[in-house]
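J.: Return atomic coordinates for the entry below.
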Amino acid sequence: MQHLIAPSLLSADFARLGEELRRAEDAGADWHHVDVMDGHFVPNLTIGPPVVESLARAATRPLDVHLMITDPWQYADAFLDAGAAGLTFHAEVFGNGDVGALIAQIQARGKRAGVVVNPATPLAPILPWLDAVDMVLIMSVVPGFGGQSFMGEVLDKVRALRGEHGFTKDIEMDGGISRDTVGECAEAGCNVFVAGSALFGAEDMAAEIGLFREKIGAGHPR
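T.: Numbering: from 1, shown residues only. Sure, this is the predicted structure:
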């Protein structure tokens, strides 16, 4: 299974986003992780479709757009039109619309569809959709702000997905990922790793991504 590093643009310098994209790509990023926050589902506001459109024009790596919003049904097409390569949306908002229809809507555009669970949310809400989605994103911090500490107990969800539930597609981990935590995430079964401050705050991002890959290779079960 391919291991992918996705620097989180939430930790980039927003005054220099084009340069930050290039810096991440030159350093070896596989995806760009784009956190969309609506000030309602999470107590913060970040970016909307116009900024994603600008990012898409500058990026040569896929934009992995994480919708931390209450109504992904309303905004999915706008973000896909803007250039998102995939959208992930939260289990905590499943009651607000037709989950299967949204997954199908994203995939009908030739894009990746994923579902997300917060640290306090069990896997149960997403289990009926495992066959349909392309990826599961496990939050290892409470979403809304960057720079939080990794919550290791969420690794049990990854192990359950890979073991008990036989999920063989991508599992992404987001929150507190660093050189100290990426190896245990790989060992548990993650293969996509979102890191913000640990990468954008590194003195040498390329060297840090290289170290991540060493830790992932050592930690990932063969």
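
J.: three-state assignment of Leu155?
T.: In terms of secondary structure, Leu155 is helix; the call rests on DSSP: H, G, I helix; E, B strand; the rest coil.

J.: Helices along the chain, start to end?
T.: In order along the chain, the chain carries the following helices (DSSP state H): 17-27, 49-58, 72-82, 99-108, 155-162, 182-188, 197-200, 205-219.

J.: Make JSON lines from the ones you listed and add distance to Asn118 to it.
T.: (C-beta placed from N, C-alpha, C; glycine too.) JSON lines is the format used below for the helices of the chain (distance: least, Cβ to Cβ, whole Å):
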{"stretch": "helix 17-27", "distance to Asn118": "26"}
{"stretch": "helix 49-58", "distance to Asn118": "23"}
{"stretch": "helix 72-82", "distance to Asn118": "15"}
{"stretch": "helix 99-108", "distance to Asn118": "16"}
{"stretch": "helix 155-162", "distance to Asn118": "11"}
{"stretch": "helix 182-188", "distance to Asn118": "17"}
{"stretch": "helix 197-200", "distance to Asn118": "20"}
{"stretch": "helix 205-219", "distance to Asn118": "24"}
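
J.: the bottom helix or strand of this structure by mean pLDDT?
T.: Among the secondary structure pieces of the chain, namely its helices and strands, helix 205-219 has the lowest mean (mean pLDDT, DSSP states H and E), a mean of 92.

J.: picking that back up, can you say which of the helices of the chain is nearest to Ile5?
T.: With distances scored as Cβ to Cβ, the stretch of these nearest to Ile5 is helix 205-219 (5.5 Å).

J.: who's in contact with that closest one?
T.: Residues outside helix 205-219 that contact it (Cβ atoms under 8 Å, 6 or more residues apart in numbering): 3, 5, 7, 23-24, 26-29, 179, 182-187, 193, 195, 198-199, 202.

J.: List buried residues within those residues.
T.: The neighbour count (16 or more other Cβ atoms under 10 Å) marks 3, 5, 7, 23-24, 27-29, 182-187, 193, 195, 198-199, 202 as buried among those.

J.: That'll do, ta.
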